[in-house]
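Q: sequence? don't have it. structure:
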């Protein structure tokens, strides 16, 4: 069967069970878009190429599938770079198709030409430039395999216009990729070593990261922790990997982690990090991180082990496989965890929770942002899928919305990409049209991709935006307050649009709350409407995120705002 390149692309997407793609057309991909027009492929037209990648990213995080987007050459391709870097930092499986000028013009500075494979090499898992039509099918198949296998990540496929217009014989049974077989099964000896270390430990602690969610290992992690009464803390990317309302859960650790999580890290004698890479926002000063603990690190990526923190027992393997083998081994060897030392350790953690709970002061006639998030959690019963922008809104969400299930917290962690939340929410809602999908946003971050409100309106994608509007670039302002003597250099955002009117101009509903007693009514109304809604909450302007570990300090040394610094 002889097919054109455009036809082969659509056939391969069908083979990969791609349900939806996000994109923006242009000259170099007109042939592809004409083929999409004639196909059954569901395509969402975004308003900016960065939005296409973030939407595909949100779709991937919520479903565990590979997200797909398509853009044109030159500026269309370069506009994807932030989204690709965002996905790469958080190990999100994407395939990004970019148009390219004909192969004969590559290197000639042709109109809308750029070396997108060169540009994205440092921020993608892999990329391809398809120079021959005969290589197209196998390249696409390999791109999807690379994106989803091992430690996932974004893969870019650059498609020259003449290659897509050419024809070749296509036999799906003949499409082959190179042998990528890698064993992610943990060594039995490593599992035995883990067992020995845990037997000796008096104060064990599990630290869960995004690798548990990516590895679909939340069920095994929860079973292991509950069965052996081991407390659990998590990184930002690990939220939802362990039930947020479980008594063993300590919340997020690190710069804006809970007091009791950071104290548990600082006093444990065995720390098992599962699918976490010890980011600097988690560890604080490395020399003082978990100073009394033997450290075990479980990760599918060998390059992530010992990169930031030197560990005592490295275990390279798939998180689900490792945890499953651990459960089996521990059962077979009758691990004895019921003892006075474990009771004392859990009692100490309970004391920390009681003495310094995660709280805030809601008084006067000003809306506190934490109150908005708590009310949202109450009204949705925690069943919503939450995306966030980046900044204070993100940290308050991590602290005050309790994520009980994996793939329900969708946020840019490693890169910290402002403008991520709205397009990501669109991608999530496309995957789960029957679930509440809420973007918790700040007024600075939301403006970076606010044009995607038009996408939501056009396709009736029923996302909700909870806008915590403080008239500042909130997190930057907080740092200026704490470290720059309140010199608020270019962080005042009071010159801003009327977000309610702007929402209406885009064709969606705009609501506003200015007093605490209005919060619940606005949320109820917004959640009840079967259309996209932006809810503008005018919150306390100079509210800070606490606890906070100052840069370069130990995570055991936390500023608690109205309280004195505690360590």
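A: Sure thing, it's come through. The shown structure was predicted, so the numbers you read here are calculated from the model rather than taken from an experiment.

Q: for residue 202, give me its contacts.
A: Shown in contact with residue 202 (C-beta atoms under 8 Å, 6 or more residues apart in numbering): 269, 341-342, 345. Every C-beta, even on glycine, is put in place using the N, C-alpha and C of the backbone.

Q: ramachandran coordinates for residue 442?
A: Main-chain torsions, residue 442, degrees, to the nearest 10: phi -110, psi 160.

Q: spatially nearest residue to it (excluding sequence neighbours)?
A: Excluding its sequence neighbours, the residue lying closest to residue 442 (C-beta to C-beta, 6 or more residues apart in numbering) is residue 393, at 4.3 Å.

Q: packing partners of the helix or strand where that neighbour lies?
A: Assigned by DSSP states H and E, residue 393 belongs to helix 392-400. Packing contacts for helix 392-400, counted by 3 or more C-beta pairs under 8 Å, 6 or more residues apart in numbering; DSSP states H and E, involve strand 249-252, helix 369-380, strand 385-388, strand 437-442, strand 464-469, helix 474-483.

Q: now do the fourth one: distance to the chain's middle.
A: Strand 437-442 has its average C-alpha position 14 Å from the chain's average C-alpha position, going by C-alpha atoms, centre = their mean, to the nearest Å.

Q: neighbours of residue 331, how many?
A: Neighbour count for residue 331, taken as other C-beta atoms under 10 Å: 10.

Q: how near is the residue nearest to residue 516 when sequence neighbours are not counted to residue 481?
A: Leaving aside its sequence neighbours, residue 516 sits nearest to residue 367 (C-beta to C-beta, 6+ apart; 5.3 Å). For residue 367, the distance to residue 481 equals 19 Å [C-beta to C-beta, to the nearest Å].

Q: what about the two, which has more around it?
A: Per other C-beta under 10 Å, whichever of residue 367 and residue 481 has more neighbours is residue 367, with 25 against 16.

Q: packing partners for the strand or helix carrying residue 353?
A: For residue 353, the host element (DSSP H and E) is helix 340-355. Judged by 3+ C-beta pairs under 8 Å, 6+ apart, the packing partners of helix 340-355 are helix 259-267.

Q: buried sites along the helix it packs on?
A: Residues of helix 259-267 classed as buried by neighbour count (16 or more other C-beta atoms under 10 Å): 259-267.

Q: dead centre of this protein: give me the residue that sits there.
A: Nearest to the mean C-alpha position of the chain, counting by C-alpha atoms, centre = their mean, stands residue 411 at 3.9 Å.

Q: quick one on the thing from earlier: tell me the one among the contacts of residue 202 nearest to residue 232.
A: Comparing those against residue 232 with C-beta to C-beta places residue 345 closest, at 13.1 Å.

Q: which pLDDT value goes with the closest residue to that closest one other than its chain neighbours?
A: In this structure, residue 345 finds its nearest non-sequential neighbour in residue 203, 4.5 Å apart by C-beta to C-beta, 6+ apart. At residue 203, the model reports a pLDDT of 97.

Q: in contact with residue 203, which residues?
A: Residue 203 sits next to 267-270, 341, 345 when contact means C-beta under 8 Å, 6+ apart.

Q: if we use 7 Å, what do you get?
A: If you count contacts by C-beta atoms under 7 Å, 6 or more residues apart in numbering, residue 203 has them with 267-269, 345.

Q: any of the contacts of residue 202 buried? List them.
A: 269, 342, 345.

Q: what's the following helix or strand after the strand or helix carrying residue 190?
A: In the assignment (DSSP H and E), residue 190 maps to helix 188-200. Once helix 188-200 ends, the next helix or strand along the chain (criterion: DSSP H and E) is strand 204-208.

Q: if we can go back for a sec, ok, the contacts of residue 203 vs residue 25, which is closest?
A: residue 268 (53.7 Å).

Q: burial count for that closest one?
A: Applying other C-beta under 10 Å, I find that residue 268 has 27 neighbouring residues.

Q: who touches it in this structure?
A: Counting by C-beta under 7 Å, 6+ apart, residue 268 has contacts 203-205, 290, 292-293.

Q: 6 Å - rerun?
A: The contact partners of residue 268, taken as C-beta atoms under 6 Å, 6 or more residues apart in numbering, are 203, 205, 293.

Q: could you double-check that the second one lies in contact with residue 271?
A: Yes - in this structure residue 205 lies within contact range of residue 271 using C-beta atoms under 6 Å: 5.3 Å.

Q: for the helix holding residue 353, the distance to its chain's centre please.
A: That offset, for helix 340-355, works out to 31 Å (C-alpha atoms, centre = their mean).

Q: who touches that helix?
A: Contacts of helix 340-355 (C-beta under 6 Å, 6+ apart): 202-203, 231, 260, 263-264.

Q: what's the closest of these to residue 13?
A: Taking those together and measuring to residue 13 by C-beta to C-beta, the closest member is residue 231, at 44.3 Å.

Q: burial measure for that closest one, as a count.
A: So residue 231, with other C-beta under 10 Å, has 24 neighbours.
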